[in-house]
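[1] Sequence plus predicted model, see below.
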Amino acid sequence: MPLNKRFTLTQYLIQERRRFPDARGDFNALILDVALACKAIARAVAFGELGGMLGNHDADAGGSINVQGETQKKLDVISNQYFTRMNEWGGHLAGMASEEMDDAYQIPPEHPRGKYLLVFDPLDGSSNIDVNVSVGSIFSILRAPQEAVESGRDVVEADFFQPGAEQVAAGYALYGPTTMLVLSVGNGVAGFTLDPMLGEFMLTHDKLQVPENTQEFAINASNSRFWEPPVKRYVDECLAGKTGPRDKDFNMRWIASMVAEAHRILMRGGVFLYPRDSKDAAKPGRLRLLYEANPIGFIMEQAGGRASTGREPMLGVQPTSLHQRIGLIFGSKNEVERIERYHAEPARAEMHNPLFAERSLFRS
Ligand SMILES: O=P(O)(O)OC[C@H]1O[C@](O)(COP(=O)(O)O)[C@@H](O)[C@@H]1O
Ligand SMILES: [Mg+2]
Ligand SMILES: [Mg+2]
């Protein structure tokens with residue numbers, strides 16, 4: 001294989017931080033710790049059954065359920081441990097929060113505390129682990145409140161309740177045919193491919209941009225009877241293709257690993273919907289605001305795409321709980337804006353052309 005000199009993740013970070021002459025290096029060190037956790041998870045994922053990595057978490061044969069009420073996979077638990085262990089000692093963090101931990105995670109007293117908060121979904125797409133389909137990790141970095149940093153107090157949940165626009169950085173790792181790290185430090189989006197021989201993330205995709213238009217959508221259609229009228233209208237129009245008001249045919253995908261869908265959309269455009277629905281009154285959406293919707297929303301917006309609840313920009317939502325769920329729509333800008341317009345015109349959506357409704361696959 002020809003040796004192709006490229007920027008490593010470290011070199012990229014050093015160059016980015018030159019924009020902040022006062023930076024002390026904590027931020028770069030934190031991102032490198034996160035990247036190390038992702039490399040460790042990539043190895044664990046790659047060993048699969050050979051490493052005894054498949055199946056549900058044992059917890060002394062009783063299994064275990066996370067705060068979401070979901071059965072934890074072995075790899076959910078292992079990935080969470082990699083994230084906490086790689087990041088708790090560096091002195092960059094005031095605390096962490098994760099999909100797999102009920103409460104905020106305190107930096108152990110033997111380690112120094114820092115000024116950032118790390119929030120993560122250690123393994124996204126868990127249902128795909130056992131069938132060898134791409135999974136990933138998603139992370140978001142926030143600033144800890146000044147007073148918490150100065151006093152060195154334990155973090156509390158409310159410290160994490162910051163709108164997505166406040167994120168200092170966000171990204172994801174994708175454990176697919178290649179392992180990639182996609183990162184935004186607030187200055188566009190860059191993609192790094194893990195060189196398995198060197199063990200380094202190399203810059204392979206600089207200044208990523210989501211195409212503004214698309215003919216590809218992703219939604220779990222088995223939930224169609226629970227969708228709200230604007231979502232039904234949008235999907236019906238996509239399905240009608242050339243014969244409907246959109247006047248063009250659409251393609252559909254559903255991987256059930258949001259991180260993999262986000263990556264596809266970043267590479268070639270598209271729109272992803274896991275909208276608010278009426279399936280379970282206690283859950284106003286499937287995905288989680290702090291460690292799924294916000295970081296992916298940040299990446300999308302930094303790449304010229306858009307992320308929304310359908311009713312408001314995702315990055316403007318004020319969080320109220322650590323594991324809050326929310327309807328999430330993201331991807332190609334013009335398509336997300338169209339879906340937002342449909343939400344803003346409920347009356348029209350209800351009216352739904354009757355002839356068209358006759359042909360609707362997903363009519364309620
Ligand atoms: O099974 P469904 O309802 O299609 O849900 C799939 C969604 O659930 C998720 O797997 C949720 O993430 P976790 O695996 O981290 O719980 C998303 O990645 C994916 O989009
Ligand atoms: Mg997830
Ligand atoms: Mg997860």
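    In hand now; what should we look at? Residues are numbered from 1 along each chain as shown. Ligands and ions are numbered 1, 2, ... in the order given.

[2] how about whatever residue of the stretch 1-150 of the chain ends up closest to ligand 2, what does it touch?
    Nearest to ligand 2 in the stretch 1-150 of the chain, going by C-beta to the ion, is Asp124, at a distance of 3.5 Å. Any C-beta I mention is one placed from the backbone N, CA and C, and that applies to glycine too. Asp124 makes contacts with Val135, Gly136, Ser137, Ile138, Tyr172, Ser257, Met258, Val259, Glu292, as judged by C-beta atoms under 8 Å, 6 or more residues apart in numbering.

[3] Tell me the confidence at the nearest residue to it once chain neighbours are set aside?
    Sequence neighbours aside, Val259 is the residue nearest to Asp124 in space, at 4.4 Å (criterion: C-beta to C-beta, 6 or more residues apart in numbering). Predicted confidence (pLDDT) for Val259: 98.

[4] Could you pull up the contacting residues of Val259?
    Counting by C-beta under 8 Å, 6+ apart, Val259 has contacts Asp124, Gly125, Ser134, Val135, Gly136, Ser137, Ile138, Tyr172, Leu174, Ile296.

[5] Assumed it was part of a helix.
    Yes. Secondary structure of Val259 (DSSP: H, G, I helix; E, B strand; the rest coil): part of a helix.

[6] From Pro21, how far off is it?
    Distance of Val259 to Pro21, computed by C-beta to C-beta, to the nearest Å: 34 Å.

[7] ok, and does the helix or strand harbouring Gln81 reach over to ligand 3?
    Element membership for Gln81, per DSSP states H and E: helix 74-87. No. Helix 74-87 is not in contact with ligand 3 by C-beta under 5 Å from the ion; minimum separation 5.9 Å.

[8] Counting by contacts, list what that helix packs against.
    helix 26-47, strand 93-98, strand 116-124, strand 135-143 (3 or more C-beta pairs under 8 Å, 6 or more residues apart in numbering; DSSP states H and E).

[9] between these, which one is nearest to ligand 3?
    Comparing the helices and strands packed on helix 74-87 by C-beta to the ion, strand 116-124 comes nearest, at 4.3 Å.

[10] List the strands paired with that closest one, with their directions.
    strand 93-98 (parallel), strand 135-143 (antiparallel) (DSSP bridges).

[11] Just the C-alphas of it, formatted as PDB.
    Provided in PDB are the C-alpha atoms of strand 116-124 (Å, rounded to 0.1, in the frame of the first residue of the first chain):
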ATOM      1  CA  TYR A 116     -15.500  20.200  30.200                       C
ATOM      2  CA  LEU A 117     -18.400  17.900  30.300                       C
ATOM      3  CA  LEU A 118     -18.500  14.800  28.100                       C
ATOM      4  CA  VAL A 119     -21.900  13.300  27.100                       C
ATOM      5  CA  PHE A 120     -22.000  10.100  25.000                       C
ATOM      6  CA  ASP A 121     -23.900   7.200  23.600                       C
ATOM      7  CA  PRO A 122     -21.100   4.700  23.800                       C
ATOM      8  CA  LEU A 123     -22.700   2.300  21.300                       C
ATOM      9  CA  ASP A 124     -25.400   3.500  19.000                       C
END
